[in-house]
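Asker: Any chance you could fold what I've pasted below:
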Amino acid sequence: MTETKKRTRDLGLDHIRALAAFMVFSWHFLHYANGYPVPFEGAPSIFPLALLDEGHTGVALFMTLSGYLFAKILDGRSVNYLAFLSRRVTRLLPLLFAMLVVEGVREYVVGADLVGYSRSLATGLIEPTLPNGAWSLTVEFHFYLLLPLLLFLCRKSPALLFAAIFLALGLRTFLFIRNGTVFWPAYWTLAGRLDQFVFGILAYHYRSMIIRKHVLALVLGAVFCVFYYLFDRMGGFYRMPQYPSPSPIWIILPTIEGAFFSALIAYYDGSFQHSRGLLSRFIAKIGKYSYSIYLWHFYVVFLMADFVQRHIMNISYYYIGQVWALLCFLALVPFAFVSYQIFEKPFMNVGLSYSRKTGPRQPSLVV
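Answerer: Model (predicted):
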């Protein structure tokens, strides 16, 4: 049997996408690159909010979710790999191309080096040089290249995937010993992000260990939030003790993010019958438009924060800044809806079917 013609979206996973997009938006709104308008010293004392104050971890959540989602979609199926790649390219490229064109026009208007910009596009398939967060698509593409091997190992035994995690940990340890830092590959490349994709796959296959285990999920969530609170207090992304960080924490940070995020994704996805009420559906819509939010928000997020700080009120106090981050994030949703309708929705189901059912059940999700 081929893929079903009509697919339904999973509200729970869209809720998680919305959270990841808000985390990244908050990170940029609050701090930009130098702690403006909210100083890094003003970290929140309410410890779960550290995940927003260090909202760059939303990228890890996106990547862990990607691994979980593909494991769920492809469970019990054989995969036409070339068709899979063509569908992913068709799904992601129109919006990416539109953003790159707009960025090229912006570079031209401000008199930037167009040769350098063109060079960054040419190297973007190999290195994380694409602008406006699109570097993460390079990392995801590299994950797609490894996907056949990961699926092969998973068919033999999902436990074999732990070898990939240990390999990534070993590689980062080697790079740290050799270079005295591992920040760049840990954050910007698959050498760091592989753990997160793989933990997402593992979480789906071992989901019975966390589904409906409410106390366990609460403990895991609290431990992870405390860890990130301490990470934030110790300097976080930019000040441990400097940028780029020489701290060895970056050897294990991607692993910690992948392990906790994957468990909590599996718990949230499998433990509840998600409401189809107004608020739930609205948050799910934000998740549906999260790709558009992610690529376009760079053009406005820093301007929004600066405008509020200069012309409306002082938002250097973390909690006030976070409220304004939420308001400005919500203001982007209508624009993201238009972008989704133009650059995403028409290409959702273009291309060949890439999987067919071979197992006892067939998931029904939108990729």
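
Asker: How about the contacts made by Ser245?
Answerer: Thr181, Phe183, Gly235, Phe237 (Cβ atoms under 8 Å, 6 or more residues apart in numbering). Any C-beta I mention is one placed from the backbone N, CA and C, and that applies to glycine too.

Asker: Any figure for the gap between the second one and Leu167?
Answerer: The reference is to Phe183. 19 Å (Cβ to Cβ, to the nearest Å).

Asker: Who has more neighbours out of those two?
Answerer: Phe183 (23 against 14; other Cβ atoms under 10 Å).

Asker: how close does the more buried one sit to Pro246?
Answerer: Counting by Cβ to Cβ - Phe183 and Pro246 are separated by 7 Å.

Asker: Same question for Ile283.
Answerer: Taken as Cβ to Cβ, the span from Ile283 to Pro246 is 39 Å.

Asker: between the two, who's got more neighbours?
Answerer: Taking other Cβ under 10 Å, Ile283 and Pro246 do not tie; Ile283 has more neighbours (20 against 14).

Asker: Secondary structure of that one: a helix, I assume?
Answerer: Yes. Checked against DSSP: H, G, I helix; E, B strand; the rest coil, Ile283 lies within a helix.

Asker: So it sits against Ile16, correct?
Answerer: No. Applying Cβ atoms under 8 Å as the test, Ile283 and Ile16 come out as separate, 9.8 Å apart.

Asker: Show the pLDDT at Val366.
Answerer: Val366 is assigned 41 on the pLDDT scale.

Asker: okay, now Leu150: neighbour count?
Answerer: So Leu150, with other Cβ under 10 Å, has 20 neighbours.

Asker: Does anything pack onto the helix or strand encompassing it? Which helices or strands?
Answerer: Leu150 is part of helix 135-156, with elements assigned from DSSP states H and E. For helix 135-156, the packing partners by 3 or more Cβ pairs under 8 Å, 6 or more residues apart in numbering; DSSP states H and E come out as helix 57-74, helix 81-109, helix 162-179, helix 190-205.

Asker: Of the ones you listed, which stretch is the most buried?
Answerer: Among the helices and strands packed on helix 135-156, ranked by average contacts under mean count of other Cβ atoms under 10 Å, first place goes to helix 190-205 (a mean of 27).

Asker: how close does the residue nearest to the spatial centre of the chain get to Leu11?
Answerer: In the chain, the residue lying closest to the centroid (Cα atoms, centre = their mean) is Phe62, at 2.2 Å. With distances taken as Cβ to Cβ, Phe62 is found 17 Å from Leu11.
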